[in-house]
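Asks: missing the sequence, but the structure's below:
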């Protein structure tokens, strides 16, 4: 065999540009791009189908039955239960579908390990820390008389619905964090820098976390909360981010009941300085939460260094 033929046999043909190998290869941005697009599309579809579509279906059903807030006490018991718990049913449906989607997407992203890691390391500590942060903000609202307790401190309202709603809230946080952290964060961190990864995850959290359209301060606070959970996940693990996320929501909705919340242990209402407290909309609309979350993020970054 001639030297030229041996050299030709030793050469490898280049991978086809734009072919199957480019779409499936871990190198380059094509696979990452379509994986991210598919993941976001699936998550958006689930969110729209449950939080919008299912809720609209319930509303249409109640309208057809002639059930509203005034007439629901006269409805059958099963219809009363459905009317009062349809929001929680939609939340549970969303979380269950988000978990199923996240489990499938982790295989598609070729990520190792289970979707939900064990043991529940950091869950209780992070939940307690976020509850104490919310209580601290409430104290900052109460002490200068910017807010007041609607129910006396010595007479907390504790009903059987409280643990059920708390469990639904935990399941919702679990489903959302499973997608955001165990799919998006893990998948992008293996391919991109940590800064770009957290930017995408925070952006998705901001779009789905209720900050969009709720005002500038609320949008900033939602993004700060998402960033704090990213830093907690990167440093302490999955259950720490879930615990902090759930504890923050549960404290504001079921412990303090800003501006409403009949299922809350206490209930606060705004008097003045809504810019700081958030008023009846809750602390996520006020600057006290902005400063608390920003301080926490700064502490996590300094500790990380």
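Replies: Arrived safely. Source: prediction; values computed, not measured. Numbering: from 1, shown residues only.
Asks: please, where are all the helices along the chain?
Replies: Counting by DSSP state H, the chain has helices at residues 3-10, 20-24, 30-47, 55-65, 77-108, 123-142, 161-179, 186-189, 194-208, 216-236, 238-250, 274-277, 287-304.
Asks: of all the ones you listed, which lies closest to residue 262?
Replies: Closest to residue 262 of the helices of the chain is helix 161-179 (Cβ to Cβ; 8.7 Å). C-betas here are computed from N, CA, C, even on glycine.
Asks: run the angle between the closest one and helix 194-208 for me.
Replies: Following axes from the mean of the first three to the mean of the last three Cα atoms, to 10 degrees, one obtains 140 degrees for the angle between helix 161-179 and helix 194-208.
Asks: for helix 161-179, which residues meet the burial criterion?
Replies: Neighbour counts over helix 161-179 (16 or more other Cβ atoms under 10 Å) mark 162, 165-166, 168-179 as buried.
Asks: ok, these vs residue 37, which is closest?
Replies: residue 179 (14.5 Å).
Asks: got the contact list for that closest one?
Replies: When contacts are counted by Cβ atoms under 8 Å, 6 or more residues apart in numbering, residue 179 touches 39, 43, 98, 101-102, 105.
Asks: any idea how far the residue most central in space within the chain is from residue 141?
Replies: Nearest residue to the geometric centre of the chain (Cα atoms, centre = their mean): residue 176, 4.7 Å. Relative to residue 141, residue 176 is positioned 27 Å away (Cβ to Cβ, to the nearest Å).
Asks: now swap in residue 283 and tell me
Replies: Applying Cβ to Cβ to residue 283 and residue 141 gives a distance of 8 Å.
Asks: next one: residue 198
Replies: 30 Å.
Asks: also residue 92?
Replies: When residue 92 is compared with residue 141 (using Cβ to Cβ), they lie 32 Å apart.
Asks: which one's more surrounded, these two?
Replies: residue 141 (25 against 17; other Cβ atoms under 10 Å).
Asks: how far away is that one from residue 288?
Replies: 7 Å.
Asks: shared neighbours of those two, anything?
Replies: In contact with both residue 141 and residue 288: 276-277, using Cβ under 8 Å, 6+ apart.
Asks: list the buried ones in stretch 91-105?
Replies: 91-95, 97-99, 101-103, 105.
Asks: one step back: which residues do residue 283 and residue 141 both contact?
Replies: residue 277.
Asks: I'd guessed residue 232 sits against residue 242; true?
Replies: No: judged on Cβ atoms under 8 Å, residue 232 makes no contact with residue 242 at a distance of 9.3 Å.
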